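**Student:** Whatever this is, show me its structure:
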Amino acid sequence: MTRLNIILYFALMFSALGLVNAQHKARKLYIELEQLNQAAKQFDQEYGQLQLEQSTWAMHSRIELIATQALQMQVPDATRIQVVSPDFKGEANAVQLPGLLKPVVPKPNEAKPSAAKPGSAELESAKAQEKLNASNAVKAAQPGAQL
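**Tutor:** Numbering: from 1, shown residues only. The predicted structure follows:
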């Protein structure tokens, strides 16, 4: 009987230790799971903020403002527009619409305006002011920018 009691006692101790070990591992895994869930929520929140920021940066009106003011770009005339349409072989073909011309390329032999013209200092100062205004417009178009 004593031998049976000792065997049962050790079996009870080993099962108790196994139970404690299993609970400890379960608690550690649960804590890790909660930390990962919290990190996933933070990543989802950051992803939403990044999507909002991307849509703000990619707004058509913002891009058009920067293109017109900072880069001095303009919408081309209807006579200078070519429509490019893909054919079914995967190649792109330029379609010349009736009455449309190709873009005009300046000739290399055309004389550039000289800086010795009367009023050129005023012209230079006006250009510098335009560049300053354009750079301020770019800064103002950036989200969260302060002037």
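**Student:** just the strands in the chain please.
**Tutor:** Assigned by DSSP state E, the strands in the chain fall at 83-86, 92-95.
**Student:** Least reliable of these by average pLDDT, please.
**Tutor:** Comparing mean pLDDT across the strands of the chain, the weakest is strand 92-95, with a mean of 54.
**Student:** Torsion angles phi and psi at residue 59?
**Tutor:** phi -60, psi 140 (degrees, to the nearest 10).
**Student:** just residue 76 next, same as before
**Tutor:** phi -70, psi 160.
**Student:** Give me the pLDDT value at it.
**Tutor:** 85.
**Student:** separation between it and residue 60?
**Tutor:** As judged by CB to CB, to the nearest Å, residue 76 and residue 60 stand 17 Å apart. C-beta here means a position set from N, CA and C on the backbone, and glycine is covered the same way.
**Student:** Also residue 73?
**Tutor:** 14 Å.
**Student:** More neighbours: these two, which one.
**Tutor:** residue 73 (11 against 7; other CB atoms under 10 Å).
**Student:** how about the nearest residue to that one, chain neighbours excluded?
**Tutor:** Nearest residue to residue 73, sequence neighbours excluded (CB to CB, 6 or more residues apart in numbering): residue 67, at 4.2 Å.
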